[in-house]
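[1] need a structure here:
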Amino acid sequence: MLNAFVLIDAEPSRIADLAEELAATPGVAECYSVAGESTDLVAIVRVRHHDELAEVVTRRIACLDGIRSTKTLVAFKAHSRHDLEAIWDLGSE
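    The predicted model follows:
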């Protein structure tokens, strides 16, 4: 699984709508509105292959109305005290 964080600078009037649109975008696992220097939204992208990442970022995210710019950070390894697998398996038994 390939994880990436897409930092998004958006037009202020579109932030709330964009967050909903991003959350509904295939390949986007989560979307957060954030406060920061030039980042308004952070989309968490989870895909299986690099080609899919390029598709999600360039064809599904960057072309949405109201997005000024994006910056993509690709995760190499997760470092956590939490067992992420156990979190996702809750209720599956």
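
[2] all strands for the chain, in order.
    Secondary structure of the chain (DSSP state E): strands at 2-10, 28-33, 41-47, 67-74.

[3] I'd like those laid out as TSV, including mean pLDDT, distance to Glu21 and mean neighbour count.
    C-betas here are computed from N, CA, C, even on glycine. Formatted as TSV, the strands of the chain follow (pLDDT from 0 to 100; distance: least, Cβ to Cβ, whole Å; neighbours: other Cβ atoms under 10 Å):
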stretch	mean pLDDT	distance to Glu21	mean neighbour count
strand 2-10	96	11	19
strand 28-33	97	9	16
strand 41-47	98	10	21
strand 67-74	96	10	14
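
[4] right, and those - which one's nearest Val56?
    Nearest to Val56 among these is strand 41-47; the distance by Cβ to Cβ comes to 5.3 Å.

[5] Can you list the strands that the closest one pairs with?
    Strand pairing for strand 41-47, determined by DSSP bridges: strand 2-10 (antiparallel), strand 28-33 (antiparallel).

[6] Tell me which of those strands lies nearest to Lys71.
    strand 2-10 (4.4 Å).

[7] need the strands paired with strand 41-47 in TSV with distance to Asp17, can you?
    Output for these, formatted as TSV (distance: least, Cβ to Cβ, whole Å):
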stretch	distance to Asp17
strand 2-10	9
strand 28-33	11
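
[8] All set, thanks.
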